Every structure is written in C-alpha cells, then in structure tokens.
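Asker: how would this look folded up:
(2 chains)
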Number of protein chains: 2
Amino acid sequence: MASQQAATETVAPLSKYSKRVILKTVLEGGTGLVGQKIVIGGWVKSSNEVRKEPLQPPAVAGDTPAAAKDVTCVEILQTRIPFFRSIMKVLGGNPSPGRGKLESIVQQLPPPPSVAVLQVSDGSCVPSLQVLVDSSIAPPIQVMATGTCILVEGILQQPTVRGKHEIELKVEKIMHVGTVVQDRYPLSKKRLPLDMLRDFPHFRPRTTTVASITRIRHSLTQATHTFFLNNGFLYVDMPIITTTDGEGFSDKFQVTTLLGRDIKMEAIAMDVTGGVNLETIKASINEKSKQVEELKRTESNREALVAALQDLRKTNELAAQLEAREKSKSGTSVKSQKVKVEFSEDFFSRQTFLTSSGRLHLESYACALGNVYSFGPRFRAQKLESKKQVAEMWMIELEIAFSQLEDAMNCADDFLKFVSKWVLENCSEDLKFLSKRVDPAIVDRLQLLTSSSFQRISYAEAVEVLKQVKDKKFEAKLELGMPLTEEHESYLVDEIYRQPVIIHNYPKELQPFYVRLNDDGKTVAAFDVVLPKAGKLIRASQNEERFNVLTTRIKELDLPKEQYEWYLDLRRHGTVIHSGFSLSFDLLVVYATGLIDVREVIPFPRSHGKATN
Amino acid sequence: MASQQAATETVAPLSKYSKRVILKTVLEGGTGLVGQKIVIGGWVKSSNEVRKEPLQPPAVAGDTPAAAKDVTCVEILQTRIPFFRSIMKVLGGNPSPGRGKLESIVQQLPPPPSVAVLQVSDGSCVPSLQVLVDSSIAPPIQVMATGTCILVEGILQQPTVRGKHEIELKVEKIMHVGTVVQDRYPLSKKRLPLDMLRDFPHFRPRTTTVASITRIRHSLTQATHTFFLNNGFLYVDMPIITTTDGEGFSDKFQVTTLLGRDIKMEAIAMDVTGGVNLETIKASINEKSKQVEELKRTESNREALVAALQDLRKTNELAAQLEAREKSKSGTSVKSQKVKVEFSEDFFSRQTFLTSSGRLHLESYACALGNVYSFGPRFRAQKLESKKQVAEMWMIELEIAFSQLEDAMNCADDFLKFVSKWVLENCSEDLKFLSKRVDPAIVDRLQLLTSSSFQRISYAEAVEVLKQVKDKKFEAKLELGMPLTEEHESYLVDEIYRQPVIIHNYPKELQPFYVRLNDDGKTVAAFDVVLPKAGKLIRASQNEERFNVLTTRIKELDLPKEQYEWYLDLRRHGTVIHSGFSLSFDLLVVYATGLIDVREVIPFPRSHGKATN
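Answerer: The predicted structure follows:
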C-alpha cells in the first residue's frame, strides 16, 4: 500500500529543516521513487565492498548481498591510499609539491575499482537503505566503518546489489563524511548487549533497539497528550522544586546552593592550630624540663622542685592531648561530624526537595478547572534492588473533580486501551523488531490491553487468594495488613488471573494520608493497576474531601500539619469529591517494549554510576 | 453557529469520568439545550438573592439581574435558620429530641421564599452559568458564598432572571455542597490583584485570569507537540539530575541526600572544650604564679626565677588566646566555616546538579535519530531582578541533524507562526478576556507573529544601530563585544524595528563553548529571537561539529575537559553538522497572555518565598 501511494508522487518530500529526504519516506516509497535524485543523511550500520571486476561470476542466488571478496595485503594498501590522499586534502588543502612523495605513490597505484555497499540508517525507521558508493567517488575505507556519518546525493534505483529492499541509492556526490576512530567506537562490534552500553549512553540511540524504544516512547507521549485532549483534560505542569512532601513518607533529594560554598553552621568546632599549637607547648616542655633539671641540680628549694615537676606533668598531658587531635586531622583521615545547616541561608530561604509526586499540587487545579493532568519527572532517593524503579522517572498524573474511585478506574482502563491501540497502529515495525530481538510477547500484551477488561479484586481478596497458593513459596510472608510485594503482584497477574489486575480498597495503613477513608473506617478508596511484565503501573485514589477526616489522618500519622495548611485550605473552601492517579510512564514503556529493566528504556540510565554522560 | 450545532443534538454529552456536563458545552449549546435535565458542578463566582414575592413589581429593563432586596434582621435570621438545620443534619444525622429547641424555632419560622441566583464556573470556559436554587431546595446562605462548590441536577431553561446568557439552570436536586469559611476565603473580595494572591497559589486557578492563562498554556503545549509531530521530530525527555554543565557558566542547584544527615568532611576543626580547657590553663597559671612568688621569696635561684617568669608569661598568653576563642563561640554566635563535602558518600557517589539545559544531551539523540525535541523543566540558581526569569522554567529544546543555522531560524519562525495561529483559533474567548483585563495588545501581537517575517540582523548591526540612538540613555554602556541587555533588546524590538527580531553572529566570547566558530574566527553561529513584551524567547546555535575546533574552545575557556569526553565522542565517531535551539516556554505564555511577570504565568510562583504552597 505504501508503494502504491508513492507511485503517484513525483518527488520524495524533503525533511523539514535539513534539506534531505528521510529514509522512512524512501523505504516506504519503494520502487515508485526509482529515478529520483535525492539527498540523504545517516550513519553506516554495516557495509561490505564489492569489486567491480569480480574474479568469479557474481552470486545471483542466496539471501545475503554479494559477498565481500577476500583481499590481499596489496589490495588493502591500494584501498587505503586514497584515504590518505583524502586526509591530506582535508588537512592541507592541495598538497604542496614538497609532499609529493606519497602523492606520487598514490598516482602510481590507482585503486582497483570497487563499490562500497553501505547499510545506512537515519533513525526514522527500523530498516536501513542500501547506499552504493563507487570507489571513484570516495575511497571505500573512508565511508565503510560502522558509525560513519554521511550526507550524500544520489539516484534511487532498483537494486543492482542484492539487498533486503526494493530500492537502493547510487551516490553521485558526497557532501559530508564524519569518520570514526575505529578501535574506539563502541558499536563497531555487532549486537553488543545493551548493558555493555551503560558506559556509553550517548551512543545508545544508534542501536536499533534503543532507536525503536525511543520511537515507541515518543508515540506513547503523543498518544498520552491526544487521549487527554480528547477527554477534556487541561495540561498543567507541577513544580519540581517543592517544600511539600506529597507522599508523607518518601526519601527525598534535597535541592540546595549551600554545598561547596561556605556553610553557615553552629560553631560547634574551632581550630586550635592557629598560635596555641603543639610546637609552642613542646618548647614550653623543654624549658620546664631544663628548669626541673636546674632545680634538681641546685637542690636549693624542694617546694619549687615539686611544683615544677607537677607543672611539667600537666604540660606533658596537654601536649599528648593536642598531639592526639593533630593526628586525627592530619593526612587523609576524615571525621564524621554532625552539622546543623542553616537553611535560611539557602536559595529559597528554607529546605527544598525534588518532588516525588505532583498529585497534591494538581488538586489545586482540579479544584478550579475540573479535569487536569500533568506529565513530568518525579524523584525518589531510594536505592532499590527492583529493576522497575530508578531515582528519576517520568510520571503522568491526573486529577478529576466531581469523580469517585470508579471513575478513575474507568479512566485508567480507557487510557491504557487508547495508548496500546495507538502504539499497535503507529509502531508496527518497531514492535516487530523488538519482538524478534527482545520479547516475543509484546504485541500479544498490547492487544490484551486493548481488548480485555481488567480483573478487579479487593486487597483482602488478593491476600486471600495468595495465601491459598501452595506451589510457590514467596520471599515475604503475607498476612492481612501487610503490603503486597512485587513478587506477590506478579504472581497474581502472571499465574492466577493472567490479565491486568486492579487491586482496590487497601488498609489505610498502607496508603498515604490523603486517601479517602471508606465507611468501614479501616480501608481507604485506593487502587493499583498491576500489569504483566511492568508490575504496578498505576497508583490511584479518591482523595479525602472531608476537612475533619483529613486533619484526623494527619494527626494520626503525626505529620507536620503546618506543611499541609494550603492543602487543608482546599477543604475549608469549596471542597469537592475528586479522584486521580499517578502512572509511571517509564513502566508503560517497559510494558510496550518488553525490556524489563527500566534503566534500559529511559533516555539516560540516570540512577547508574555514570548517570548522565 | 455553536447553537445551531447544539440544536440538532438531543442530549448534552456527559463529561468523561465525572457524570456531569461541562459548562462550556452548556453555554455553547445555548437555547438548543432548553428542557434538558442535566448535572453540573462548579464553584460560585458571585451570587445574589431574589425574593419570590417582591414588594415591588419586578424590574423588566436594565442590564443587571433583578436586584437583591434590602432585607431586615428578621429576614436574615430566617434565611440563616435553615442553614443551621442543614448543618445539624450533616453533623448529627437526625437531630435528637433533646436538641429540639432550635428545631422548634426553625419550624416556627419558615423562611420567606426566595431564589439564590448563582454565577457558577467549572473552569472549562470564561463565562459562568446562571444557576437558580429555590430556597425550598437549599437555604440561600448555604450556597451563595463566593467559592462554594456545588454539584446539582436541574433543568435548562430560558432565563427567567435576566443574565448575560441565553440559558440558565433551575436546580431540582443538590448532590454536594462544599462550603467556605467566609472571612478566611481570599477570593471573597472581587478583583483581587494577582500579586496579592502570591500567598495563596492554591487558589489562583479559581480566578478567571489564571484559569484563562492555564487554558492558553495548555493550548500552547498541545500546539507544541502537534507542530513537532507534523514535522517529523521525535520526542525525548532529558535527564534532570546531571553531572554535565550544559552552559559552562551557569549557577546551578545541587541535588544531594547529604544535608540533614551526618556530613563526612575533612576535620579541619576541633572542639577544645573537652579537657584542655581554660580552667586547666588558669589553674596552671595560679600554680606558676605561686611558684614565681616562692622563687622571688627564697631568692635562691635567679635562673629558675627568670625561667618561671617566662613560663608564666607564655601560659598567660595561651589563656588569653583560649579565652578569646571561647567567647567567639559562646551564646548565639554563628561562625562561617569552609566545609569540604565528600560527594563520594552522596546518592550518586559524586556531585550532581539540576540541569540548566538539555541541549548537549539532546545532541546524542540527534546524532542518531535526526530531528528530536524535548520539553521539560530547566533550572538556574540565579537571583535575578528580571521579571522574565525564575529558578525553574519549562523549556522546549530541539536539535536537527544535517542542518545549519539558517534551518534552525526557519524552524523557529515556523514554530512561532504555528503556535500563534493555534492559540488564536482555539482560545479566542480567553484572549478576549485577557485583552480586557490585562493587555489589550495580545491579539495584535499574536497576529503579528502569524503574518510577519522576522527582522534578521547581526549582533554587530544591532550594536551599531543602538549606539546611534540619541533620544534614550541606556543603563548599561554598549560597545562591540559587550552583551546586549534586556533594555537594549526591547528597544530594538519595541522602538526601532517594531517587530520580532533575530539577532545572529555573536562574538564567540558571548556564547557557550559548543557554538560553531564562523570562518572569521571571531564570531559564532548563534542567534536569539527577541519578541516584544517577552524579550529573548529563543537561544539558538549551530553547534561545533569539528573535533579539533571544539577541543580548542574547551581549552581556551579552561573547562574541565574530562566532563565533556562523552560530548567529544560524538565528534570522534560519525560527527554531523547540526543546529538547534532552546525556547523558554514560560516566556511564550507571557507573550500570549500579556502578563509580563513570568511568576504569574507559571503554575506555582516557584522562585517566590512561598515557592510551593
């Protein structure tokens, strides 16, 4: 169908703002574009060299492109010489007559005619375009290394060298070459495992796997905004630097400008080395010792001798103490010390944190504008063993005024159906690639979300069901009132129900203070959505709209009430029944791409040692 | 047109997930919806009470709704009694027989029949819906206070009480009332200045002004994602916590988990009060003094006396020093002290910051996937006088592979045209409101962006033009090589060219290290887009793709090269010509809404003292 569309086009459209044609356009256009002269740019994924006057007749059958011939040392030299020539051109313009020696060798040994066959990708789609560079246009060695960037002009033609696709580009002009330092380029090896690339996050997008994940992530983002636009939600972004703790019990990163500058703190400590130092005391000891010797020698005054001896002893003690202290701070010794930091001196004149959740702030918008959502980074300073959590993750958060828990459940259900359908429709090629390379079940899982209703069970039912499990021993014991672990949740989803599960009505002890108390006084109106592979994707709740109940909860949990006065204000003045949820966007990407490790699906592996470079 | 559409509808559609009809739907539906029974929810913006049996004939002319009558004290009591009754119901269910006293008064004094006329908003549009609540359904006092939240069911009808709109709702059933504590609700007063609301950011969205700004901001977000989707850009989000300094010279927030815990630091300090204290020394002085007296008295040994006197003098000196130090740390005195923090103990085992720009990281995606953009919060720990900067702002950043500065200029131009057109088409009502309330020029300014080309001048031209200005004295002197200030820029835009201005080719000293050096060796390939009102909206550059030139720049600026090794890697391996820009999204909202103070247009006034609550 794609090629039919293209057949009616006369010219492949230029990419906006880069005067080249996107490879996706070319590859989808197919044979309809044959004969067009276009410019393309991209990076070499793999390559081989084909001699133009083959020693054997060309291979006409088989799945692989015409194989590269074995080459002799002389041939290697011959192919490399033009490379030197081109380097000399780049470095010095026209070579001076004095440099004529290498030049003359080059002229004496013209390279054997050959064609470099490059598989080039520009990141717009999974497949590469086959690009032919004749050795008369550029020496093969210059363009063939994996990772080389080229910008070339050429003619689209039906494949002359057997490849995977129905079109190839014959280069007529090279406009830019970005070479690679071959031994140091980490992607030179084929199919490097992703975790080997943790030290090179800046090259990860050049792998087909990460490129596919990025395109799926992009699609999920677009689907998210579209879903909320269609359903009348307003987008609001929430403060990242905050003084309010949304969860009431999370580990937080502090934001400060104090460190690395002079810290104002209570002077619990002082430096004794400035003047009253060990040397002074030792000199004093010397003198006292002489004095004692003198008194002993003269034997004139017994009292004076006793006093002098006592004095000497005390001074020695003082010296010993100072010496011990001097040692403790000398060299590389480090001392742990309690410092009381004066946050009044900090940028915001008080202690501030990176937000772990924007839901409380979002309520102030819901309590004025109705349906609102936010999409941004959230932070948790927890070192977890789980592969499904890192310190910095993007979350979708929403809040719906005049709604109850059931409404939020329906919204979560609709949202997941919508975005799954969107990805299935818009990313089929990427899904196909990842199915082959990472996880064969991803398409099935996405289809499951688009069609099935979710299994809805209460927390109590979940515990009941799990306690009856005989064939599996869980690491953590489970009783009513205890939290479900990742292991419990995945057993429910993967083994028992074999579909997405919504677990609702948790005991109040397991949920934040703001979740609405049910009539039983024990459970609260919260639910989690647990998916296969991704685990707990959504945390939802109807939030407490009753002023008195909310203040009681704050008191029960011994939270700093003054921090939540603004939040209580929303109940004092025009309170409304409302519900909402937080969705871990990174886990949604995990679900859609099949990579279990969230570090692999976020743009940079942030909680990793080499977090951001 | 809207009412024609509605006339063909039979039922107003329910809002998703909240079982109510959005007021925008009702008000746009107009008379076509008369007769429908619907549920609506919202907050009372203003109200008045109309007696059902008026003492005078009803007003039939005039622009205002039928005026509220003067009421006597007895009438006020009568209207309040049902309120007490309803409170008693809420608090105690059916009142017990023992509480019958007030109850009996209530039954003795039925309220005079009246209608509460409420203007109700749910944040979906500028106008309010007129809602009539008969006193037989709820006592007026219960629903009339500004800020009260109601969820009601009623019948849409043609206005019986004169109002601004062609439809009103007659309430049949009240489903929820969220009252206000009247004296404490900050929005009780009409038309409170925005800056008075800085202490109540959680109520700001309930003002029509902030609600309009939020809707325009939302529209600009949707327009942004749509523009980039249309033009083949992939969305990528960039790390917020980073070790790389994108600007090379920005003030940064640090992210840490060290503060408030024991800080490991070099023990440059010690406490001298534990043992070797002033008392010990003073006791020693006493003894030495006695010894000296003894030696003087006995006159037996002149040498011993001299030594003892010397010793006493030194010990006195030591005591004086210690005494001075003790004083300096006593009481409330606080001492500034340099602390070397051990970042190896921090969460990421090293010093980390909040990102000030994602552009460098974005390049690693552009150098694999072509056109990419990001949209997220960026941070600057600078206390600026400018109203156009705060510590936390959202930025749109993009990077285009295989592109030059001119391409980025075209992209900036197209983007601004697209989003301006979008807002003009989708937010006409909000723009109309803000034109009236805040800035009459906003529609003209947006139309200017959709139609005009930008004035493109070089930095050198800008300086030349500004130096020739005679009728205005700038606060900052300007010579070639000096930065343009906000004042200079706004003069160029507002007084000289009277249109958006692109200033390009800055001296390299005024730009970050990564901007591409021009052939003159002095200027670099950068440009800024300066708009009326908003000021410098976009900072753009073609980034240096040449490895050698880039390393030279890093050396010249004495930057820590090891921090940029990953960035240099992108030049070592498959380097590409590319350009991009950062756009301050908050300033775009300033431009579109007319509020000059960026703190007023971002969701929470973050750099403000009461930053986030």
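Asker: Pull up the residues of the stretch 1-150 of chain A that are close to chain B.
Answerer: Proximity of the stretch 1-150 of chain A to chain B, by CB under 8 Å from any CB of the partner chain, involves residues A:15-20, A:22, A:41, A:43-44, A:122-124, A:147-149. Any C-beta I mention is one placed from the backbone N, CA and C, and that applies to glycine too.
Asker: ok, which pair from the residues you listed is furthest apart?
Answerer: Across these, the longest distance by CB to CB is 25.6 Å; it joins A:K16 and A:G147.
Asker: List the contacts of the helix or strand hosting A:V152.
Answerer: Using DSSP states H and E, the element containing A:V152 is strand A:149-157. Residues outside strand A:149-157 that contact it (CB atoms under 8 Å, 6 or more residues apart in numbering or on different chains): A:20, A:26, A:33-44, A:118, A:120, A:131-133, A:143, A:167-178, B:367, B:402, B:574-577.
Asker: Okay, now the sheet partners of it, with direction.
Answerer: strand A:37-51 (antiparallel), strand A:168-178 (antiparallel) (DSSP bridges).
Asker: Looking at those strands, which one is packed in the most?
Answerer: strand A:37-51 (a mean of 21; mean count of other CB atoms under 10 Å in any protein chain shown).
Asker: That one: how far from the chain's middle?
Answerer: From the chain centre to the centre of strand A:37-51 is a distance of 31 Å (CA atoms, centre = their mean, to the nearest Å).
Asker: how about the residue of the stretch 1-150 of chain A found nearest chain B, secondary structure?
Answerer: As assessed by CB to the nearest CB, chain B sits closest to A:G123 within the stretch 1-150 of chain A, at 3.2 Å. Three-state call for A:G123 (DSSP: H, G, I helix; E, B strand; the rest coil): coil.
Asker: Tell me the pLDDT of the residue nearest to it when sequence neighbours are not counted.
Answerer: Leaving aside its sequence neighbours, A:G123 sits nearest to B:L369 (CB to CB, 6 or more residues apart in numbering or on different chains; 3.2 Å). On pLDDT, B:L369 comes in at 96.
Asker: I'd guessed B:L369 sits against B:G232; true?
Answerer: No - counting by CB atoms under 8 Å, B:G232 is not a contact partner of B:L369; they are 10.3 Å apart.
Asker: joint contacts of the two?
Answerer: Common contacts of B:L369 and B:G232 (CB under 8 Å, 6+ apart): A:S124.
Asker: Between the two, which is the more surrounded one?
Answerer: The residue with more neighbours, out of B:L369 and B:G232, is B:L369; 25 against 17, by other CB atoms under 10 Å in any protein chain shown.
Asker: Could I get the contacting residues of that one?
Answerer: Per CB under 8 Å, 6+ apart, neighbours of B:L369: A:D122, A:G123, A:S124, A:P205, A:A211, A:T214, B:L234, B:A401.
Asker: From those residues, pick the one nearest A:P139.
Answerer: A:D122 (22.9 Å).
Asker: From B:E363, how far out is A:N543?
Answerer: 42 Å (CB to CB, to the nearest Å).
Asker: which one of those two has more residues nearby?
Answerer: Shown here are A:N543 and B:E363; by other CB under 10 Å, A:N543 has more neighbours (27 against 23).
Asker: measure the more buried one to chain B for me?
Answerer: 13 Å (CB to the nearest CB, to the nearest Å).
Asker: Strands along the stretch 501-613 of chain A, start to end?
Answerer: Secondary structure of the stretch 501-613 of chain A (DSSP state E, counting those that start in this stretch): strands located at A:501-507, A:523-531, A:535-543, A:578-584.
Asker: Reformat the ones you listed as JSON lines; add mean pLDDT and distance to B:R359.
Answerer: Shown next, in JSON lines, are the strands of the stretch 501-613 of chain A (pLDDT from 0 to 100; distance: least, CB to CB, whole Å):
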{"stretch": "strand A:501-507", "mean pLDDT": "96", "distance to B:R359": "41"}
{"stretch": "strand A:523-531", "mean pLDDT": "97", "distance to B:R359": "35"}
{"stretch": "strand A:535-543", "mean pLDDT": "96", "distance to B:R359": "31"}
{"stretch": "strand A:578-584", "mean pLDDT": "97", "distance to B:R359": "27"}
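Asker: Compile those strands into TSV and extend it with columns for distance to B:F348.
Answerer: Converted to TSV, the strands of the stretch 501-613 of chain A look like this (distance: least, CB to CB, whole Å):
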stretch	distance to B:F348
strand A:501-507	33
strand A:523-531	29
strand A:535-543	24
strand A:578-584	21
